[in-house]
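Visitor: When you get a sec, could you give me coordinates for this:
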Amino acid sequence: MDMTKMAQRSYYAPKGGLPPQSDLISDRAVFTEAYAVIPKREFSDIVASLLPFWEKTRLWVIARPLSGFAETFSQYIMEVQPGGGSERPEPDKGAEGVFFVVEGEVTVTVAGKSHRLTPGGYAYLPPASGWSVRNKGSETARFHWVRKAYEFVDGLDAPDPLFLNENDIAPSPMPDTGGRWATTRFVDPADLRHDMHVTIVTLKPGGTIPFPETHVMEHGLYVLEGKAVYRLNQDWVEVEAGDFMWLRAFCPQACYAGGPSDFRYLLYKDVNRHAGLRGYGR
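Guide: Sure thing, here's the model as predicted:
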């Protein structure tokens, strides 16, 4: 299939529960100085969290700033029951956010205008935009919420809100890959108002990232579909739909997509700002 053709997609979403007592403890979970892997089995009831001013909602915190590790972002997987949501969802007026819906639907309201997001739906929420969110559907909604302290720049306005859907955007093939590696971009890379990008990377079966990328951007990678063997620092790890990878700056990374279906992940990275010389955010 041509990578530039748009198609409806499916997305892995955790459901909670607990592994049975008969399961082996051995697992692929790992936390190192350079990276972490949180396999899908870890998203159990026992590690779910609650938040103030959110009704009928629980979440899994899968990334948060840690000194000496990832400094720039946090990432949650939200689970909101019908009728649930929040009129006071974001306590930090300096925080920007991105939603990506993987199951069900949510309605996000900004400046008095409501936007319905269904699977594949993306929302960019600027700092201090006073947004709210509600599940007005009949099924449980599950979505990713990426939060970052927005880095203001003198002479640049903060970005406007965005409401898009992956299924309406043609992936951009990477050069010289024969269409085996592509990125779905929700934000214009040349728009310097944005200091983070949340995109979807797609590799066809057998496609590769053929060199160990080593760069200043931190990453969160949540696998939406498929499976692959991923090179993280000096290790090779197997990952599949539902797994999360958390990479600190300069962690070498590469991968082989294993098939038989496409390997796709939701990717966070920090972009378009000077390197802080007095610690992050100062």
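Visitor: Please state the offset of stretch 105-115 from the chain centre?
Guide: 20 Å (CA atoms, centre = their mean, to the nearest Å).
Visitor: Now do it, average pLDDT.
Guide: Stretch 105-115 comes out with an average pLDDT of 97.
Visitor: What residues sit buried inside that stretch?
Guide: Judged by neighbour count (16 or more other CB atoms under 10 Å), stretch 105-115 contains these buried residues: 105-108, 110, 115. Backbone N, C-alpha and C define where each C-beta goes, glycine included.
Visitor: tell me which of these is nearest to residue 138?
Guide: Set against residue 138, the nearest of the buried residues of stretch 105-115 by CB to CB is residue 105 (9.2 Å).
Visitor: got the contact list for that closest one?
Guide: 116-119, 121, 135-137, 139, 141 (CB atoms under 8 Å, 6 or more residues apart in numbering).
Visitor: picking up where we left off before, which two among the buried residues of stretch 105-115 are spaced furthest apart?
Guide: Taking CB to CB, the two most distant members of those are 105 and 110; they sit 16.6 Å apart.
Visitor: Let me have the contacts of residue 105 in a markdown table, adding neighbour count and distance to residue 173 as columns.
Guide: Formatted as a markdown table, the contacts of residue 105 follow (neighbours: other CB atoms under 10 Å; distance: CB to CB, whole Å):
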| residue | neighbour count | distance to residue 173 |
| --- | --- | --- |
| 116 | 13 | 30 |
| 117 | 22 | 26 |
| 118 | 14 | 26 |
| 119 | 21 | 24 |
| 121 | 22 | 23 |
| 135 | 24 | 35 |
| 136 | 15 | 37 |
| 137 | 16 | 34 |
| 139 | 11 | 34 |
| 141 | 28 | 32 |
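Visitor: can you tell me how far the closest residue to residue 217 other than its chain neighbours sits from residue 70?
Guide: The spatial neighbour of residue 217 that comes closest, neighbours along the chain excluded (CB to CB, 6 or more residues apart in numbering), is residue 269 at 4.0 Å. To residue 70, residue 269 is 11 Å away according to CB to CB, to the nearest Å.
Visitor: Looking at the two, which has the bigger crowd around it?
Guide: residue 70 (23 against 19; other CB atoms under 10 Å).
Visitor: how about the nearest residue to that one once chain neighbours are set aside, what does it touch?
Guide: Nearest residue to residue 70 in three dimensions, chain neighbours excluded: residue 218, at 4.9 Å (CB to CB, 6+ apart). For residue 218, the contacting residues are 70-73, 247-249, 268-270, by CB under 8 Å, 6+ apart.
Visitor: The closest residue to residue 35 other than its chain neighbours pairs with what?
Guide: Leaving aside its sequence neighbours, residue 35 sits nearest to residue 232 (CB to CB, 6+ apart; 4.4 Å). Beta bridges link residue 232 to residue 235, residue 253 when assigned by DSSP bridges.
Visitor: Please save the CA atoms from stretch 127-134 in CSV.
Guide: Below are the C-alpha coordinates for stretch 127-134, written out as CSV (Å, rounded to 0.1, in the frame of the first residue of the first chain):
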residue,chain,number,x,y,z
PRO,A,127,-0.9,27.5,27.6
ALA,A,128,-3.5,29.5,29.6
SER,A,129,-6.2,28.7,27.0
GLY,A,130,-8.8,27.8,29.6
TRP,A,131,-9.9,24.5,27.9
SER,A,132,-12.2,21.9,29.3
VAL,A,133,-13.0,18.3,28.2
ARG,A,134,-15.9,16.0,28.6
